[in-house]
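[1] got a predicted model here, sequence first, then my questions.
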Amino acid sequence: MKPSCRRILISYKRSSIFGFQIPVCNRLAVINLSKSRVSRGTHTCSSVLLVFRDVIDSNRKGFSSSGLNWGRRPSVLLNGCRIRVYGRRFSRLVCKVASDYRNHSTSVESHVNDTSWERIYIQGGLNVKPVVVELVKSKEENDDKLLTYNSSDVNIEFVDRKESEIEKEAWKLLRGSIVNYCGSPIGTIAATDPADKLPLNYDQVFIRDFVPSALAFLLNGEGEIVKNFLLHTLQLQSWEKTVDCHSPGQGLMPASFKVRSVPLDGRPGEFEDVLDPDFGESAIGRVAPVDSGLWWIILLSAYGKITGDYALQERVDVQTGIQLILKLCLADGFDMFPTLLVTDGSCMIDRRMGIHGHPLEIQALFYSALRCSQEMVRVNDTTKDLVAAINNRLTALCFHIREYYWVDMKKINEIYRYKTEEYSTDAINKFNIYPEQIPSWLVDWFPESGGYFIGNLQPAHMDFRFFTLGNLWAIVSSLGSPIQNDGILNLIEEKWDDLVANMPLKICYPSLDNEEWRIITGSDPKNTPWSYHNGGSWPTLLWQFTLACMKMKRPELARKAIALAEKRLSLDKWPEYYDTRYGRFIGKQSRLYQTWTIAGFLTSKKLLENPEMASKLFWEEDYQLLENCVCGLGGKHGRKKCSRSAPRSHHVV
């Protein structure tokens, strides 16, 4: 017998479906289809084809719970419309959406600006359980009849669907933080606490802070503010070389900027908007930001992947901006390592915390920016040397971090038995690490399974603290091997009470205290033990944790963390960070209504709802990159080619 098959072709334009107008509301349309015959009407710009079969089509790979990023139920989101299949007898779902207006392609591609549909749930497989269509407000309404149908076979019932109150509040606050420049949205300020009489620089738009805001907007189909941000911050980039030691180097991106209204000369009562950037000259410690340019490249890549607007990357000024950032990062210097050498306070941890040198956070972001640039930089005669430099640095950096920054029980035992003062290119203890550096807390804390990348590595120094952002971004970018990435999440799960506890997530573990705190932080009163950057809990790290969990097919960990945050964030007025070892108190100097706390929560929610969009924001293992790895393993002949086959096996590099 031929398998029975029903086809439903839904051509839609604006908010009309099945030949009648769907009211615009936050409700669920429950549509029962029983033996209905539906014929296609006029083809417009987009279409959805749903095919249900009694048996699995052996020529196609079905959606399954073991597939990448699909969670427990088969699901796909196309053109803002999620199709999820429930029921014991589900067999097949094929969904195709027109990819553009020019060729009416039916390739699978998401369109962030089409919001006529939010989700479609096909329930019960072929046995005619209700089709539930969840709708969001469309930008336009139209009564065009796109389908003809037999009304006796279609039963429509509306069921209320309410967005959670905390999400409504978060979106309201996020939109309230938007800054306009010349009448257009350009970014979000760091915090919007109306009771704060001394905002310092929290009334500015920070490049790193805006990233979760940008992703929340992009995942919600709002790309204009992100595009404006990318282009206007590009205009602030330092393009001129200078010998003035107080001026930014060529290619440096500002840490933040502020929109100011200044009076026009000779025009009393008239003002114009100007952008006032801060390259670190006003920051704590007067440190120039290293991570701003890296975040800018990462966000530019995310904008193209989510919106499909790759034309922005092709612009001459944007290509020039990417190249200037890369040349600044790839410039030759005195450093012998492929890692990026920076000073304390040059990243999210923007105060003295003993992370000068080669901190993991910068290396993970650097690696991510290089992978983004590898995809975005146009290859021609003028860029071929830069492209070669990108590829070479990627391989060397990947090997260096995996080989020397990774610690697990096996590696700790090796360090414990290190010989020191090894003078040779074949030395095992290449950085002359003294076994006495292994801290007592680590001996008692380290689990039998799992591992992590240490915070820093320099001659005779290993910083064994666990830095969350660097480890999460190592997962997201595939800087770590698949086994290492899984080990990081194993460690977080095993040490949940230490790294998550009452509020996700610790920025680092453990905190510095007593004499160590005085020496390393300079007795910083803001970085006291278990506060701020010294072991404080930062809710904004939630979105990066969610992304890492989704990449490793462990979304249940992300849901657990989000549920913890959801209980407190709104009640506590969306604080910047939390204090104490288990994150029980609102930070003593924490700003309230912190924008990236709000945006991190919303982005986490959106990522879980849109796994196919989340998959656009992380990178899979690049085996070709590893096979081409050339590393300085020494020997009599200096550099040699090494086989990086470990990521494909069960051995950690």
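    Now that the structure is in, tell me what you want to look at.

[2] remind me which residues of the stretch 301-450 of the chain are low pLDDT?
    Under the criterion of pLDDT under 70, none of the stretch 301-450 of the chain is flagged as low confidence.

[3] could you dump stretch 606-620 to PDB, C-alpha only?
    Backbone C-alpha positions of stretch 606-620 (Å, rounded to 0.1, in the frame of the first residue of the first chain) are rendered in PDB as follows:
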ATOM      1  CA  LYS A 606      14.900  33.600  22.900                       C
ATOM      2  CA  LEU A 607      17.800  31.200  22.400                       C
ATOM      3  CA  LEU A 608      15.900  28.300  24.000                       C
ATOM      4  CA  GLU A 609      12.800  29.100  21.900                       C
ATOM      5  CA  ASN A 610      14.800  29.300  18.700                       C
ATOM      6  CA  PRO A 611      17.400  26.500  18.600                       C
ATOM      7  CA  GLU A 612      18.100  26.900  14.900                       C
ATOM      8  CA  MET A 613      18.900  30.600  15.500                       C
ATOM      9  CA  ALA A 614      21.100  29.700  18.400                       C
ATOM     10  CA  SER A 615      23.000  27.300  16.100                       C
ATOM     11  CA  LYS A 616      24.000  30.300  13.900                       C
ATOM     12  CA  LEU A 617      25.800  31.900  16.900                       C
ATOM     13  CA  PHE A 618      28.300  29.100  17.700                       C
ATOM     14  CA  TRP A 619      31.000  27.300  15.700                       C
ATOM     15  CA  GLU A 620      31.500  23.600  15.300                       C
END
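
[4] just the mean pLDDT for that stretch, thanks.
    Model confidence over stretch 606-620 averages 96 on the pLDDT scale.

[5] again, but for stretch 492-499
    Rounded to a whole number, the mean pLDDT of stretch 492-499 is 98.

[6] do the same with stretch 266-286
    Model confidence over stretch 266-286, given as mean pLDDT, is 90.

[7] chain center to that stretch, what's the gap?
    Taking C-alpha atoms, centre = their mean, to the nearest Å, the mean C-alpha location of stretch 266-286 is offset from the chain mean by 30 Å.

[8] ok, and what's touching it?
    For stretch 266-286, contacts defined as C-beta atoms under 8 Å, 6 or more residues apart in numbering pick out 181-182, 201, 204, 232, 235-236, 238, 246, 248, 252, 254-264, 287-289, 344-345, 350-352. (C-beta placed from N, C-alpha, C; glycine too.)

[9] if you set the cut-off to 7 Å instead, what comes out?
    When contacts are defined by C-beta atoms under 7 Å, 6 or more residues apart in numbering, stretch 266-286 is touched by residues 181-182, 201, 204, 232, 236, 246, 248, 252, 254-264, 287-289, 345, 350-352.

[10] same check on stretch 580-587?
    Identification of contacts with stretch 580-587 by C-beta under 7 Å, 6+ apart yields 501-503, 530-532, 536-537, 572, 575-579.

[11] same deal with stretch 340-355?
    Defining contact as C-beta under 7 Å, 6+ apart, one finds that stretch 340-355 is touched by 208, 283-285, 287-291, 329, 335, 356-359, 361-363, 366, 455-456, 463, 469, 520-522, 524, 526-527, 533-534.

[12] follow-up on the earlier one: among the contacts of stretch 266-286, which ones are buried?
    When neighbours are counted using 16 or more other C-beta atoms under 10 Å, these contain these buried positions: 181, 201, 204, 232, 236, 248, 252, 254-257, 259, 287-289, 345, 350-352.

[13] among these, which are in helices?
    Counted as lying in helices by DSSP state H, out of the buried ones among the contacts of stretch 266-286, are 232, 236.

[14] ok, so of the contacts of stretch 580-587, who is nearest residue 212?
    Distance to residue 212 across the contacts of stretch 580-587 (C-beta to C-beta) is lowest for residue 576, with 13.0 Å.

[15] could you list everything the closest residue in space to the closest one that isn't next to it in sequence pairs with in the sheet?
    Taking C-beta to C-beta, 6 or more residues apart in numbering as the measure, residue 576 lies nearest to residue 594, with 4.0 Å between them; neighbours along the chain are not counted. Here residue 594 sits in beta bridges with residue 191, going by DSSP bridges.

[16] what pLDDT does residue 594 get?
    Checking the pLDDT column for residue 594, the value is 98.

[17] helices along the stretch 251-400 of the chain, start to end?
    Using DSSP state H, counting those that start in this stretch, the helices of the stretch 251-400 of the chain run over residues 291-307, 311-314, 316-330, 360-376, 384-400.

[18] the third one - contacts with which helices or strands?
    So the one you mean is helix 316-330. For helix 316-330, the contact count by 3 or more C-beta pairs under 7 Å, 6 or more residues apart in numbering; DSSP states H and E identifies helix 224-236, helix 291-307, helix 360-376, helix 384-400 as packing neighbours.

[19] list the buried residues of the shortest one.
    Taking 16+ other C-beta under 10 Å as the neighbour-count basis, helix 224-236 is seen to contain the buried residues 225, 226, 227, 228, 229, 230, 232, 233, 234, 236.

[20] show me what contacts the first one?
    Taking C-beta under 7 Å, 6+ apart, we find residue 225 in contact with 178, 185, 186, 217.

[21] pull up the per-residue confidence for it.
    On the pLDDT scale, residue 225 gets 98.

[22] please tabulate the helices and strands packed on helix 316-330 in TSV, including the columns distance to residue 278.
    As requested, the helices and strands packed on helix 316-330 are exported to TSV (distance: least, C-beta to C-beta, whole Å):
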stretch	distance to residue 278
helix 224-236	10
helix 291-307	10
helix 360-376	19
helix 384-400	28
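
[23] can you get me the start-to-end distance on stretch 171-182?
    The first and final residues of stretch 171-182 sit 23 Å from each other (C-alpha to C-alpha, to the nearest Å).

[24] what does stretch 615-623 give?
    With C-alpha to C-alpha as the measure, stretch 615-623 spans 18 Å from end to end.

[25] distance from the chain centre to it, please.
    Counting by C-alpha atoms, centre = their mean, stretch 615-623 is centred 12 Å from the centre of its parent chain.

[26] mind listing what's buried in that stretch?
    Buried residues in stretch 615-623 (16+ other C-beta under 10 Å): 615, 617, 618, 619, 622.

[27] same question, stretch 317-334
    For stretch 317-334, the neighbour count (16+ other C-beta under 10 Å) marks 318, 319, 321, 322, 323, 324, 325, 326, 328, 329, 330 as buried.

[28] and residue 647, what pLDDT?
    In this prediction residue 647 is given a pLDDT of 38.

[29] with residue 297 instead?
    Model confidence at residue 297, expressed as pLDDT, equals 98.
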